[in-house]
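Student: need a structure here:
(one chain, ligands or ions: 2)
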Amino acid sequence: METQIRKLDYDAIDMDVIEEAGRVLKEGGLVAFPTETVYGLGGDALNPASSEKIYRAKGRPSDNPLIVHISRKEDVYRIASQVSKEAQRLMEVFWPGPLTLIFPKKALVPDKTTGGLPTVAVRMPSDRIAAAFIQAAGGFVSAPSANASGRPSTTTAAHVAEDLKGRIEMILDGGQAVIGLESTIVDVSEDRPVILRPGVITRGMLEEVVGPVETDQAVIAPDSAVKPKAPGMKYRHYAPRAALTIVEGKPEAVIAAVNQWTAQAEAEGKRVGIIATDETAACYKGGLVKSLGARSREEEISMHLFEVLRSFDDTDVNCIYSESFGEAAIGQAIMNRLLKAAGHRVVEVPGSK
Ligand code: TXA
Ligand code: MG
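Tutor: Ligands and ions are numbered 1, 2, ... in the order given. You can find the predicted model right below:
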């Protein structure tokens with residue numbers, strides 16, 4: 001299959017291209033599109049055959065449910081059978097935006113789209129290309145992140161093409177996704193809201209709107225035997241091909257340890273990748289150093305995380321060391337992705353924190 005790649009300009013969105021993409025979807029095809037978080041791989045959420053195609057294109061297990069994307073708040077009532085007061089308040093404050101809510105589903109949503117679950121995940125993106133495309137496609141677009149299963153999510157059209165070219169009909173290119181991490185997922189299908197996946201909309205921000213919010217145990221203690229409520233959170237994710245290790249400790253101690261391990265590895269003829277920050281990048285003496293951006297600006301780190309993880313796959317590094325990040329604010333979302341990418345391999349250096 002030949003994948004059409006169409007560049008779009010936010011200042012003058014070409015509606016002919018949007019209409020064409022909408023037609024592809026309505027006819028059962030797949031279109032990758034930009035959102036403010038990461039690129040999505042879109043199919044018609046109400047067509048079970050489209051959901052099957054998504055699983056096949058990504059190589060994703062089909063018990064892993066898809067998020068249904070909408071472009072008008074009121075459309076949630078067509079697919080959710082119950083929308084609590086808390087959910088309504090969250091929708092008022094955070095939609096459109098990087099927040100996915102889980103509701104009990106209506107029969108209109110095929111089981112194939114929700115991986116057999118009685119609930120449906122719904123998100124209304126703020127990205128204007130996404131909104132126009134969702135509308136042109138009939139209003140309900142199921143979309144997982146547009147990466148091959150297991151690889152880092154995609155934040156540019158070029159990354160999408162790397163993973164999915166030849167497997168999908170079209171890619172809408174809207175440049176770099178500004179947030180870079182997937183949406184916060186909150187289950188509002190039961191009494192108290194529960195965070196199933198952390199994102200840039202933090203627990204503190206949610207609690208300001210609806211009072212106490214819990215976090216799924218599987219997010220807090222990801223190594224435990226607790227079964228995550230978001231099925232996708234159990235899979236190995238985001239992993240670069242070279243083994244990634246997160247190094248925790250005081251910055252000077254981390255730099256010293258990584259420099260020592262790098263020198264050792266290089267003496268054995270191995271290549272080492274290092275994930276650093278602008279504040280520290282110059283302190284590493286060997287290895288292939290890539291900075292995520294300024295540690296003092298978390299939104300830079302989140303924007304570049306997947307791109308940097310992915311970029312090591314184009315190199316010949318044998319292993320990668322990454323600095324670690326605090327868990328405050330969006331740090332929790334950053335560490336959640338980084339820990340998954342590392343398969344939870346963490347080394348604490350002496351003189352820790
Ligand atoms: O920012 C995002 O959310 C991006 C963009 C494209 O919107 N999408 C995204 O989709 O990250 P995906 O499929 O990569 O991750 C969706 C997660 C998975 O872990 C899945 O298991 C969970 O949401 N999920 C979906 N429906 C669910 C449901 N009904 N109950 C619990 N978890 C659900
Ligand atoms: Mg994903």
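Student: Now for the residue of the stretch 201-350 of the chain found nearest ligand 1: which residues touch it?
Tutor: Residue of the stretch 201-350 of the chain nearest ligand 1, by CB to the nearest ligand atom: residue 232 (2.2 Å). Bear in mind the C-beta positions are built from the backbone N, C-alpha and C, glycine included. Shown in contact with residue 232 (CB atoms under 8 Å, 6 or more residues apart in numbering): 64, 65, 144.
Student: Checking it next. Helix, strand or coil?
Tutor: For residue 232, the assignment made with DSSP: H, G, I helix; E, B strand; the rest coil gives helix.
Student: now it: how far from residue 49?
Tutor: Distance of residue 232 to residue 49, computed by CB to CB, to the nearest Å: 21 Å.
Student: Going along the chain, name the helices of the stretch 51-200 of the chain.
Tutor: 76-79, 85-94, 128-136, 157-164 (DSSP state H, counting those that start in this stretch).
Student: any weak-confidence spans in the chain?
Tutor: 222-225, 234-236, 351-353 (pLDDT under 70).
Student: The same query, at a cut-off of 90, please.
Tutor: Regions of the chain meeting the criterion pLDDT under 90 cover residues 60-64, 150, 191, 217-241, 327-329, 350-353.
Student: residue contacts, the most centrally placed residue in it?
Tutor: Taking CA atoms, centre = their mean, the centroid of the chain lies closest to residue 182, which sits 3.0 Å from it. By CB under 8 Å, 6+ apart, residue 182 lies in contact with 37, 38, 98, 145, 153, 197, 199.
Student: overlap between those and the residues near ligand 1?
Tutor: 37, 38, 145 (CB under 6 Å from any ligand atom).
Student: Dump those into a markdown table; add neighbour count and distance to residue 90 as well.
Tutor: Formatted as a markdown table, the ones next to ligand 1 among the contacts of residue 182 follow (neighbours: other CB atoms under 10 Å; distance: CB to CB, whole Å):
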| residue | neighbour count | distance to residue 90 |
| --- | --- | --- |
| 37 | 29 | 16 |
| 38 | 26 | 21 |
| 145 | 28 | 22 |
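Student: Return the distance of residue 205 relative to residue 107.
Tutor: 33 Å.
Student: more crowded one of these two?
Tutor: Counted by other CB atoms under 10 Å, residue 205 and residue 107 do not tie: residue 205 has more neighbours, with 16 against 8.
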